[in-house]
Structure formats: C-alpha cells, structure tokens
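Novice: Following is a predicted model, sequence given first.
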Amino acid sequence: MEYVIEMLNIRKEFGNFVANDNITLQLEKGEIHALLGENGAGKSTLMNVLFGLYQPEGGEIRVRGKKTDITDPNVANNLGIGMVHQHFMLVENLTVTENIILGNEPKKRGMLNIKDSAKKVAEISKLYGLDVDPYAKIEDISVGMQQRVEILKTLYRGAEILIFDEPTASLTPQEIEELIGIMRKLITEGKSIILITHKLQEIMDVSDRVTVIRKGKGIGTVITVETNPEKLATLMVGRQVTFKTEKGPSHPTEEILHIENLVVEDYRGIEKVKGLNLSVRKGEIVGIAGIDGNGQSELIEAITGLRKVKSGKIKLNSKDITGKHPREITESGLGHIPQDRHKHGLVLDFSVGYNAALQSYYQKPYSNKGIMNYKIVAEKANKIIQTYDVRTQGEHEPARALSGGNQQKLIIGREVDRNPDLLIAALPTRGLDVGAIEFIHKKLIEQRDNGKAVLLISYELDEVMNISDRIAVIYDGKIVDTVSPTETTEQQLGLLMAGQEKEEFVGAATNDVVLKEGDDRDVK
Amino acid sequence: MSNRVINLLVPIISIILGLLVGAVVMLFSGYNPINGYIALWNGVFEDSYAIGETIRQISPYILAGLAVAFAFRTGLFNIGVEGQLIVGWFAAAYVGVTFELPAIIHIPFALLAAAAAGALWGLVPGLLKAKFGVHEVIVTIMMNYIALHSVNALIKTVSGGNYKTDPIKETASLRSEFLANLTDFSTLHYGILVALAMVVVMWFILEKTKTGFELKSVGFNDHASQYAGMNVNKNIVLSMVISGAFAGLGGAMEALGTFGYMATLAGFTGIGFDGIAVALLGANTPLGVIFGASLFGSLKYGAGNMPNAAGIPIEIVSIVIALIIFFVASGYIIRVGLQRMNKKKGAK
Amino acid sequence: MTFLEVLYFIVPMMIAYAAPLIFTAIGGVFSERSGVVNIGLEGLMVMGAFSGILFNLSFASTFGAWTPWVSILVAMIVSGLFSILHAVASISFRADQVVSGVAINMLGIAIALFLVKMIFGKGQTEFIERSIPVLNIPILKDIPFLGPLLFKGIYGSSILAIGVAILAWFIIYKTPFGLRLRAVGEHPMAADTMGINVTKIRYIAVIISGGLAGIGGAVYAQTMAGDFGHATINGQGFMALAAMIFGKWHPIGAMGAALFFGFAQALAISSSGIDFMKNVPAVYLHILPYVLTILALAGFIGRANAPKANGQPYIKGNR
Amino acid sequence: GADKGKEKGTPSTSGKDKAAFSVAMVTDIGGVDDKSFNQSAWAGVEKYGKKNNLEKADGGYDYLESVGEADYNPNLNKLVRRDFDLVFGIGHMMESSVKEVAEQKPDTKFAIVDAVVESPNVASIMFKEQEGSFLAGVAAARMTKSNKIGFVGGMTLPVIERFEAGFIAGVAAVNPDIKVDIQYTEAFNKAELGKAAANRMYSSGVDIIFHAAGGTGNGVFSEAKERKKADPNAYVWVIGVDSDQYAEGKIDNNNITMTSMLKRVDIAVENVSDLANDDKFPGGKTTTYGIAEDGIALADSHGVIPDDILAEIDDYSKKIAAGEIVVPEFPAKKK
Ligand SMILES: Nc1ncnc2c1ncn2[C@@H]1O[C@H](COP(=O)(O)OP(=O)(O)OP(=O)(O)O)[C@@H](O)[C@H]1O
Ligand SMILES: Nc1ncnc2c1ncn2[C@@H]1O[C@H](COP(=O)(O)OP(=O)(O)OP(=O)(O)O)[C@@H](O)[C@H]1O
Ligand SMILES: [Mg+2]
Ligand SMILES: [Mg+2]
C-alpha cells in the first residue's frame, strides 16, 4: 500500500518539554486518517511539524516515498499539503477571496486581480459543494463559513493532502454533517485527509484508520472498523471512560430565572432575540439547543448584563436584574462560563491564581478595604486547582500556558466555587477531550444535585441530550419548544432547531445521519 | 546561570555594549574615548557637588518614568507626560508664590496642586478614550502643546506681564541648607524623597490594592475584565489620572526644587519624552523605573562635563544612551546569546 | 482681508504646512499596517532634514536647480537606511517597538547634531541657497478661483506629497504587496501559514516608512527652515504620528488629517487678518489647532482601531 | 577662589604684566554658536582673552554650554570651582541662577546679560534694543513703498517687546500714517510659523519685515527669498536682528536683507571684563549699553539704503545718543 505521507519517529521539543516523542504516522492515499489524543497530547504540534510551522528535533518525513525537509509552510504548500488549523488562520477584515489568494495572488498589470480570483474561488467551491460568498468579509460570516474558507484555501493551492485540526469543535450539528459530506467528497476526488477530533463518533463515522497518541507518545494505529469508541477512549486516556454520564432524576423546586418577552439587539443593531420567554427552576439543568446564530450569545449577554436589553424582563431569584450592571447580577447569584474562554473567560497573562480570583477579588476575604490579600487568593487558587484537577505547574503559572482543557477547568472551578444559584455554561466542553468532558459534565450535575440551577448552551446535541433535564429549543430568537430529553430523539430535536414543527418529521433532509448517531448511542 | 542571573545580566551587558559602541564612534570621529568616559565619570561622581546635581537630575526622571509606566500597565500609552509635567510645574510654582503658609502645609499643598493639575491634564484624554474611544496618543500629543501655550500665557498673567513667576516662598521650597552644605551648594533638593515615595506608591497600588488588580486586568484583557464585572472605562480614566498626577509631581520637582520658579518655556522640557525611555528601560515596574531614571539622569548630567573636559560634543552621550536603550530593548537576542553560552558550558 | 483673500492665503499655507506631515504620516501608515509601531518618525525626519540640508549645501553647484530634488532623494535613502535600526531591533530582536522608536528619536537628533558640529564646527549649518521652488502651474493656474487657490505658488513637494498619498493608497489596497502588508499587520501567523515571509514584509514596510519620513524632513528643511539646527525638527514627527492615527491608518485619511492640521495652523496665523478673530486673545489662537483636533476627534472621528497585530513581534508558533 | 579674589582686591595699574583676570561664560540654550547673542558674547570673551594673551583653559578664558534651563546653576558653579575670576551668565533666563550662585560664592565676580541681579558681586548688563529698533524703524519707514511694514516677534518677552516698542516709535517718527503689522508666533524655533506670518504680511502688501524671532525668523527669510526668486523685481525686504544676517538673505545674485539691528554683546562683555581687570568691576551696578555706548547699532546695508536715508538715520542715532530722543521701552498697550 502506498503512503503519501510518512512521519517516522518524529520528535519535537519546546524548551525542555517534549511535545512529540518518536511519533510515527503513515497516511495512505485516499484514506481519512484520524489522529486522536487528549488535550495537550501533541496532535497540533505533530501536524504543525508536517505543515512546516515547527522544525522537528528528530525523525524524518517522507512525502510520496521521498524524504523531505519541510522547512516552512511554502514547502508544504508546494508538496500539496494543506492544513485547516484548530484556531482559524483568517484575516478578519479581509474578504473571503483575499484570504484565499493571499500568498500567491493572481496579478493583472501588477495589480491584484480580484475579479478573476473570485470567479475561480466560486468555481472550486461549487466543485466541492462549499458555497461561500467570495466578497464577504470574514468577520461577517459564521464559524462554519469561515471553516469552508479555510478548506478552500488549501484546495485553491491544489492541496492533495489535507490536515483538519479539530474542525468540528466549533461547528453546529448541521455544519458538521456538511463538513463530513465535504470530506467524503474530497476523498472521492482522490485527496487524502488527516483528521484531528475529540469526537469518537465522528472518527467512527468517517475515518478509515486511527492513530492514537498519549502525552506526546505514539500509542499505535488501528483500523476503524475493527475498533469502537470505548476501545479508542481507553487507548487514548489509558483508563476506562464512561460515556453516558450517570445522573439521577431531577427534583426541581421554585423558579430561579424568569425571562419575559426579551428583545435584544446584536452589536450591529439587528434584533437577535425577539420576544423570548424562558424559565429555569432550582435543581434542574435546562439545555438550550439551537443552531449557532439564533440568538444564544445575545441571550446570555443580556442575562449577564453585558448587553443592553431592548425590551422585556429578566428576573433572577425573583429580583428584577434587567439592565443591571454585570457585577450586581453576579452578586445576586449568577455564575457564567463564557463561550470564548481566551477572550472572555480568562486574563491569559494573569497567573492561574489571579484568574481564580477574577470574580471575587473585590470581596472579603480576598480584599479588605481596597487592599488585596494575595495569600488567601493563593490558598483559594490551590483549592480550585486540586478540586477541579487543573493540570498546571502551580498558581503562579500564567493562564496562557495551560491547555484549553485545563483553562476551562479553571474557569469552571472559579464559577462553581462561588456556588451560584444559577450557572450559565456556554459551550463548556468545546475542544476538550473525552476525559475533560466527562469531568465537566459531572461537575454540572453536582451543581444541580445541590439544588442549584444550570443553564447549558451547546451546539452538541448529544451533550444537550445527556446533561439536560429539560431542553429549550431556540430558533430565530425565540424558544420554539421545550422538550424532555427522555421523550425526544436527536432527530426530532434537530428538526425543531431547523425551525420545523414536531408533526412534519418524516423524511427530512439530514435525517439518515442523525438516525445513525441515534442508533449508535442506543447500542451502548 | 539561573534566569534571575540572566535578567540581571541583560541590562548590564546592554550598558557595556552601549558604551563600547559609543567608544568606537568617538574613535572614528577622532576623539579619545578614554578621556571622554573619564570626563563622563567625573561629571557624575567627581565630588559631592556633582553627585548632588546628578541626584537632582534623576528625581523628575523617576516621576516621568512612573507616569509612563503606570499608564502602560493599564494598556495606555501616555505621550502626554510632557504636558502634564508642565501644568504641574506651573501649579506648584503658583501655590508656592501665592500663599503664605507654614512649610508643613505649604509644601504638601504645592505638591498636591501639582499632582492635581497633572491629573486634570491626564483626565481629558482618559475621558475621551473612555467616552468616544479616541486614541489617547493623539489627544495627549495635542494636550502637550495646549499645556505649553496656556502655561506660558498664565505665567504672564500671574506675574503681571513678566516672563517668569516670582520665586516661590521659602516655606514651599524643597531646597535645604543641609543638602546645600552637604553637596557644596548643588541644587539637590528633597524632591528625590518625593520621587522615591511615589515609587512605593505605584508599587503599592499595583501590587497590593484592589484597584491595582483591576487596572492590570483591564490592561491585559479588557473583555475578560468586563465579563468579570469591572468598569473598564472607569479604570481607563483612573489610570490616566494617576499617571498624570505622577507627571504633575515631576513638574513640582522643578518648581519647588531645581528652579524655585517657572519661566515661560520656549519649547518642551523633554523630560516627559525621556520618561518613555526611562519607563521602558525599567520594564514598566516601579523598581525598574528607578534603575532607568538613574542611568538616564547620570548620563545626561555627566555629559555636561564632556565638551570642556574632553572636547567631545555633548551629543555623544545621547548616542550612547540611545544605543543602551536599543540593546536593553533587544534583550531577547542577548538572552539567546547567554543561553547558547550556557548550553556550551553545560556540554563541556 | 476679504474672505476670498483669507482663503487664497489659508489654503496654500495649509498645503505647504501639511506636505512634510503627509509624507511622514504615510510612512507611519506603511510601518504600522505591517504591525510595527513607529514613534521614531520624529528621529527619522531629523535624519532626513539633516542629510537633505547637508547634501544641498555640498552639491548645490553640481546639481544646480535639481539640487533640492536630489537632496530629497538622498534624505530618503539616508533615513531609509537609518530606519533599518528600528527594523532590526523590533522585528528581528523582538524589542519593544515603542522603546526602539524612542531610541531612534534620541539617536537621530544626536547623530545629526554630532555630525553638524564635526562638519561645521558649530551648532547649525549654513543657509541653503537652492530651496524647493514654488511653481505656478500653467493653464491650471488661470482657472478662476481654483487657480489661485491651488495652482499658484505651490511647492513642487506639495504636489509630490499628494501624489505619494494616492500612490500609497493604490499600493496598499490594489497590489499583492499591499494585501500581504495588511494581512501581516492583522494576523501575521495566518500570513505565515500562507507562505508569506512576515519578517521580510515588515522590514520593507519599516524601511519605506523611514524613506518617507526622510523625505518629510528634507521637504520641511528645504521649504521652511532653510538650514539645520537642533530645533529644525521639533515635534513634526509626533504631529505626523497623530495625523496617521487621526486618519485611521489610511493613507488618504492621513493626508486629510495633515491638511486639517495645516488648516488650523493657517487659521491661527491669519486670524489678525480675519475680522471676527481680530480680538481673540493670542493664547487662544495658539492652542486653536490642537483644540480643534481634539474636538474633531471627539466629535465625529471617534474610535479608530489600530491593526490588530500592531506592536507585537511575530514569534513562530505562539498563540 | 577666595584668596585669589582678595589679592585682586589690592589696587593695581592695568594688569598687562601680571596674570590678567580669568574670564568665562555660560551660554543660554542654543549654544555658543547660535549666530546670535551667545556667539557674540563668546567673541567678546575671546577678544578680551587674546588681547591679555590668555589661554582657552582654566586660569584663562572658557565657556560652558547649557542644554536646558536646569544646566544654568551647575554650569555657573563649575566655572566658579575652576577658579575663574569673572563668570558671565548670558541671557535673561539665567537671572535667578546667577543670583543664587552669586550669593553662594561671594568671592567670585559675576556678570549677567539682559537681566538685572542686585548683588554686590554681580554686574548687570542691559541693552537698549529699543534704540537700535528705532533706527530700523526709521530705515523701514523711509524705504517702504506700500507704507505697510511688518514686525514678527518670537515669544512675547520683555526683551522682544523692547524691539517692538522701538521699531514702532522709529516708524512713527518718520511717518505716523504707516501701519505696522505686528505678529508674535510665541516660538523661537518654528520656522513654519515665521514663514506663514511673513507670507500673510507680504500678501497683504507689507514690503519690509523686521523680525526678532530667532529660528522662527528663518521662516521670514525663506518666504522673502521665495518671493524674490519667483520675481527678482519683487520689492520685499527683511531686517535682521542681533548679528548681521546678510548671509541669510542671499538668493541667486540678489539679497533681501536690508540691514540688521546689531546687539553688540561682544563689546559689552569685553568692556566689563576690562573694567574688572582694572579693578573697576561694576559690581552691584547695572550698565546699560545703547547707541551711545556702541552697544547697539545698525549693520552695513551693503548699499541697499541710499546715503541720504543713511544720513538721516545717523542723525537720529546722534540725537538718541545725546539723549535728545528717548525711545520708549514698552509697547503702547495693544488693541
Ligand atoms: N508554542 C508552544 N510552546 C511551548 N510548548 C508548546 C507549544 N505548543 C504546544 N506545546 C506543548 O506541546 C504539548 C502539545 O501541544 P498541542 O497543541 O500539540 O496539544 P494538542 O494535542 O493539539 O492538544 P489539543 O487536543 O487540546 O489541541 C502541549 O501540552 C504543550 O505543553
Ligand atoms: N505560547 C505558548 N507557550 C507555552 N505553551 C503553549 C503556548 N501555546 C500553547 N501552549 C501549550 O499547548 C498546549 C495545548 O494548547 P492548546 O491551546 O492546543 O490546548 P487546547 O486544549 O487545544 O485548547 P484550545 O482547544 O483552546 O486550543 C497547552 O498545554 C499549552 O501548554
Ligand atoms: Mg491541538
Ligand atoms: Mg488545541
């Protein structure tokens, strides 16, 4: 069998830290090859080596059997290697076309030839069924669209080998389906794909083979059809992992959050929440299921006081908090795990300790009469580090140096530790490995069992289904229905999220795939 | 070498490199570097007088440095220190001239006035930034010119058409018999104590207080700070105000110490702009600022001795200072060098 | 003065005052669009003014009428080379770009004065005899109103400045280099993954900024001052910096801002000829330009966002 | 320098034979070669030194340059510690510093230019700029064709206002109807403002501008020269200040410098040094140098001003010297 890519005993060090320790990965032509590993296992690093962003300290890379040094991304591009990065590599204030042609721009008399480029982009996107507006500015298009642009970038350069680093982490179910379709299409076009994802189900669905790495070391490569999610998880984490999170029935008591025909505009002044009603009770987890961009972000920001409310009422603990200052709201019993952990959740240049105190620094005992008591802050931080298993050198380490997974644990620790009556968790497990996800889900359920309320916003259906006691489906700025996870299938949910009524289920677009996922879960 | 050692070595090596390159420049332009540096050294340390003057020179640099550094820590670039210093100078002089008070009240009062004036000058860009998102750099630059012209006009008015204010009252002066005798009639004054006190104040605000926590947080990531319920705008304004107050006190040094009056300025004092270099030489930390200011102040003052003691144009010292700044700023490359050497040693 | 006279005076004065700022501010646009903060513009202007004057004095006989133009060219080259210092420090050595800029400012004036003293044995140079000529553009100058307003007694350098502004706009928004420049300033890592040499682009940008600032300095020295001394360039570099931000890092915007400054200055100077301003106390007139600027910003310019990566050294594989 | 001072105390026939008084000066900002009063003062010191065959060194004559106001005290002090017998402070800005240091070092003799310091060991040197400006005014008034004349001042300081006052008086003495356009730029180093002011004035019909604005004045010259270059027959003139600014006015084979008002700091400095050397040091006194003392004069006009007018000017200067005309020191309150 011919290999298009062979990475043999790759070793990559950052200072004294070994990110990749003799990892071997062999990519067959025309296969989708999954790369699996915990947060910080070294997947992105390995791929960055292949893409020429990092230079390995050891090992060799063979492309189509020929040994090659990939000294920088140019070389990779010329070898037909393209990469869709985990953190998108797009220039926000440029257009789709500009982003795609960047680096080898077609010229006409020394000038940029945008028109023809745009045409070419349109052609390629038609060919692979990724429709995007070539003239749209990146900052104006959805994450899903942005990812298509990332893919187009590689195809535009005639990439034969595509690397996808956690492509689905930030996509909605629908977008994921489309992406999977696109990948299959690419294979039929004779391309080969390396796919990094934390979602075992996706691996089972699309990959041909899986290479597993743990803590920088290669564990081995298995053929997908000969394995199953449990085996993979065990390989990856090195222990048994339970999937369906254990949780008893909920005992909701009185109402804690009450929202009445809430109307909120986004930063452009466009109404995103259009008369929304919602009620959350103590002792339950309410999941908000919905496709990205249906007003979830605006809803959260309105509740937390970060965005002006146009009209409507928000009551927390039967206290009107509409338009109140964020801090006043937090103090009336709200905790918030924001969806963008780097931008909103943490001050990356602050130490872990400081971040642990970010919400409570101004209160006793952390500060008194305006004077901080960093000794107590440190104690608190260490407590959180322990209870929430944040992997770090200690409370002095800058939050930047933590992996996203651990950054997330830190945030959750901080918020839950304040023991809020209502905890808003927005995409709390995005980009995290199953181990971390399991842990975080446990914590959310604990909150509930202690008689607190949790409002969970997620694009991941199985997460919503697993954790929630009630599911409120948001569509076009309204809660269109509230269902019980036990009495609804992901299929029905998917349709509600797409804005359809319960009745008209049968034979809707995406349903076979949705069903498939559903089935797999029932097997367990 | 531990990291701490390296952190210490970097500035030292930078200074040495700066002096070396300076020496080369002197050689090529036909001067004797040895004499040059001896002259420089004597200019700074020759006798108690020189030392007195050097310290006097350092005081305003410390305060200007603090002003720049403080704003930087909140993510603001205050090029307006110059103007804030000028209004502070005037305010202190005015109070020093106008009021009849016992020293225990007069001096603090004059200092306070200077700080307040500087703070006011910092408030404007702060507010504009917070309210309209106007870039503080432009506004502070403009405020510098406004300060220059307004103060010159004010000096006229308060002095009845004269080009300078009357000398301040003894009770407002930071000068002292004691220091004068100690340093053989240098213009050394107690301002240095004020400056050092402010170093402690800045350190305290940033490292010990809740406000400091907020200011730093906003400086690093205003989004997250807002999510954490901090009032970002308030902190921006506050930071500019405090920064301005430091700068204003720098002006007080000149009014109550070095000069004892204020005369119409034909141009900027330059102290404010040097403050930028001082702050960044000191990595925007309070202690660092002392280091930066001392280096800056000594070289600048000692330079005065080079033209007549060694016949070398005074500019050579500015060249050396600039080079040192370059090398300190490029510390990264020096670090790399040191670590290489380390590795080699380790290997053997 | 009648209103028209005032106009005929203010507009040319405004353009003349603005020209040096336009060159320099656009230099700043290039540098900062690539992500390198450049507050060293002042020092770069000083170098330009110095080398321009020096060359003008030394070669007036050789180049005759062309002297001022060749001097501008020389100034451009000298400041361009000088700006490499800033590039090396802030791009290759990852120096704090603001510090490096401050150092450039100190170094510029120091070197210039040092050399002046070595060459002339005194604090300032002689006066040049070949300054930049004022032109009366044939035909155009006879257009009623606009003619005397724009095309009578205008410096060749002013026309050049406006040309440069338009050219800069074209380069930044219409050419591959411009696209790469903007990308590098916004998201260097993205540019890198697209095989763009971030370091190279930034070096080029900084050197361009040096060259343009050099021209700015030489133009000022050869139109206004006529010689070079310690105070020839005092603050114009910072005004140019302000113009760049005022113009939102856009070449045409920067030009507009510079012209605005020029207008305010001209207004202040000509006030004694304008009836309703005759009796305004002098100090108000002297602070007028700066107050106007602040009002303009607060009033209708408002928030301006710097290029995202401005001021950050690019380090491979750092998120 | 204590004992030394005393020894000088004993009367002596002019010190030719034995070591003469050592003299040094501290320049104002702008340096020893500012083409202006610092330079002129240094010329005086040098002349004194050379004629008493002294070395440019300790015990002879020397200078220190001030980069900023803060350097005045230290520089004065340094010269005292280097045992110079007489130390000059050049420029009104140094008033307080000279006063302070003079009190600290009562055994050293000091002199200050352009300001008055009342201490027994300080000689104050003042100039009657208004007198020279008066003559400049006469020249301008006689030479103008448009009967519009301009005055560009630097910062509004008493010194500069003396220029203004004298100039206006001179113009008025010849022809009260002539309008003098006065503009202060509030800067000594902003050529662009000087140029703009000149531009405005010339555009409005002014044909002669007298500037007392240091570097800002450069702009006045640039503007005049441009106009001359554009049209060699253009009737535009500049009257220079402090030293002879003929060189600044050269354009092609014309020159737009009509004349300059000379402020002979050199003469004053040399004179005071001589007095001190002959034990006639005018300590505690203020010596004012005007036309009578040859401290103030008009520069050679290189043939621009016709003889009859020169004669008239000479006439006025005699009257002033004789005290028949007393030139006002302060401008009549403006508007
Ligand atoms: N730029 C860097 N500098 C220093 N160390 C790094 C850097 N990038 C990665 N590492 C180290 O290499 C390890 C692997 O990082 P990498 O990003 O490859 O993890 P990953 O497998 O992609 O994790 P995730 O699944 O969360 O993306 C990290 O744990 C980290 O310690
Ligand atoms: N600039 C850096 N310096 C040091 N280590 C880094 C740096 N950037 C990344 N890392 C290391 O890379 C590892 C993985 O980072 P990464 O951000 O990929 O984690 P993650 O779990 O994938 O989070 P996210 O999904 O948000 O990327 C972390 O353990 C971190 O230590
Ligand atoms: Mg990764
Ligand atoms: Mg990652």
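Specialist: Structure's in. What do you need? Residues are numbered from 1 along each chain as shown, chains lettered A, B, ... in the order given. Ligands and ions are numbered 1, 2, ... in the order given.
Novice: The residue in the stretch 151-300 of chain C positioned nearest to ligand 2: which element?
Specialist: Distance from ligand 2 to each residue of the stretch 151-300 of chain C (CB to the nearest ligand atom) is smallest for residue C:189, at 11.3 Å. Where C-beta positions appear, they are placed from N, C-alpha and C, glycine not excepted. With elements taken from DSSP states H and E, the one containing residue C:189 is helix C:188-193.
Novice: tell me what the next helix or strand along the chain from that helix is packed against?
Specialist: Next helix or strand after helix C:188-193 toward the C-terminus (DSSP H and E): helix C:198-220. If you count contacts as 3 or more CB pairs under 8 Å, 6 or more residues apart in numbering or on different chains; DSSP states H and E, helix C:198-220 packs onto helix C:3-33, helix C:41-63, helix C:67-87, helix C:156-174, helix C:176-186, helix C:188-193, helix C:236-246.
Novice: between whichever helix or strand comes after the last one and helix C:236-246, how big is the angle?
Specialist: Meaning helix C:236-246. Downstream of helix C:236-246, the first helix or strand assigned by DSSP H and E is helix C:251-270. Following axes from the mean of the first three to the mean of the last three CA atoms, to 10 degrees, one obtains 130 degrees for the angle between helix C:251-270 and helix C:236-246.
Novice: follow-up on the earlier one: let me know whether the residue of the stretch 151-300 of chain C closest to ligand 2 touches residue C:312 as I believe.
Specialist: No. Applying CB atoms under 8 Å as the test, residue C:189 and residue C:312 come out as separate, 10.6 Å apart.
Novice: The two: who's more crowded?
Specialist: residue C:189 (20 against 14; other CB atoms under 10 Å in any protein chain shown).
Novice: and the residue nearest to that one when sequence neighbours are not counted, how many neighbours?
Specialist: Leaving aside its sequence neighbours, residue C:189 sits nearest to residue A:89 (CB to CB, 6 or more residues apart in numbering or on different chains; 6.3 Å). For residue A:89, the count of nearby residues is 21 (other CB under 10 Å).
Novice: if I pick residue A:89, what's in contact with it?
Specialist: Neighbouring residues of residue A:89 by CB atoms under 8 Å, 6 or more residues apart in numbering or on different chains: A:150, C:187, C:189, C:190, C:193, C:194.
Novice: quick check, nearest of those residues to chain D?
Specialist: Nearest to chain D out of the contacts of residue A:89 is residue C:187 (CB to the nearest CB; 39.8 Å).
Novice: any idea how far the closest one lies from residue C:36?
Specialist: Distance of residue C:187 to residue C:36, given as CB to CB, to the nearest Å: 15 Å.
Novice: Please see if stretch C:165-185 touches chain A.
Specialist: Yes. Stretch C:165-185 comes into contact with chain A (CB under 8 Å from any CB of the partner chain), by way of C:174, C:175, C:176, C:178, C:179, C:180, C:182, C:183.
Novice: hmm, back to that, using a markdown table, lay out the helices and strands packed on helix C:198-220 together with distance to residue A:27 and mean pLDDT.
Specialist: Output for the helices and strands packed on helix C:198-220, formatted as a markdown table (distance: least, CB to CB, whole Å; pLDDT from 0 to 100):
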| stretch | distance to residue A:27 | mean pLDDT |
| --- | --- | --- |
| helix C:3-33 | 39 | 91 |
| helix C:41-63 | 51 | 96 |
| helix C:67-87 | 40 | 97 |
| helix C:156-174 | 41 | 96 |
| helix C:176-186 | 30 | 96 |
| helix C:188-193 | 20 | 92 |
| helix C:236-246 | 49 | 92 |
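Novice: which bits of the stretch 201-350 of chain A sit near ligand 1?
Specialist: The stretch 201-350 of chain A comes close to ligand 1 at no residue, as judged by CB under 6 Å from any ligand atom.
Novice: For the stretch 201-350 of chain A, just list every one of the strands.
Specialist: A:209-214, A:217-223, A:255-265, A:271-281, A:285-289, A:311-316, A:319-320, A:334-337 (DSSP state E, counting those that start in this stretch).
Novice: As JSON lines, those strands with distance to residue C:244 and mean pLDDT would be great.
Specialist: Formatted as JSON lines, the strands of the stretch 201-350 of chain A follow (distance: least, CB to CB, whole Å; pLDDT from 0 to 100):
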{"stretch": "strand A:209-214", "distance to residue C:244": "48", "mean pLDDT": "94"}
{"stretch": "strand A:217-223", "distance to residue C:244": "51", "mean pLDDT": "93"}
{"stretch": "strand A:255-265", "distance to residue C:244": "33", "mean pLDDT": "95"}
{"stretch": "strand A:271-281", "distance to residue C:244": "36", "mean pLDDT": "94"}
{"stretch": "strand A:285-289", "distance to residue C:244": "45", "mean pLDDT": "95"}
{"stretch": "strand A:311-316", "distance to residue C:244": "42", "mean pLDDT": "95"}
{"stretch": "strand A:319-320", "distance to residue C:244": "47", "mean pLDDT": "94"}
{"stretch": "strand A:334-337", "distance to residue C:244": "39", "mean pLDDT": "95"}
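Novice: so can I have TSV of these showing mean neighbour count and distance to ligand 3?
Specialist: Shown next, in TSV, are the strands of the stretch 201-350 of chain A (neighbours: other CB atoms under 10 Å in any protein chain shown; distance: least, CB to the ion, whole Å):
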stretch	mean neighbour count	distance to ligand 3
strand A:209-214	22	11
strand A:217-223	15	16
strand A:255-265	19	34
strand A:271-281	19	31
strand A:285-289	26	27
strand A:311-316	18	37
strand A:319-320	12	42
strand A:334-337	26	21
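Novice: do you know which of the ones you listed lies nearest chain B?
Specialist: Per CB to the nearest CB, nearest to chain B of these: strand A:334-337, 7.2 Å.
Novice: The helix or strand just after the closest one packs against which elements?
Specialist: Counting by DSSP H and E, the next helix or strand C-terminal to strand A:334-337 is helix A:352-356. With contacts defined as 3+ CB pairs under 8 Å, 6+ apart, the packing partners of helix A:352-356 are helix A:374-387, helix A:404-417.
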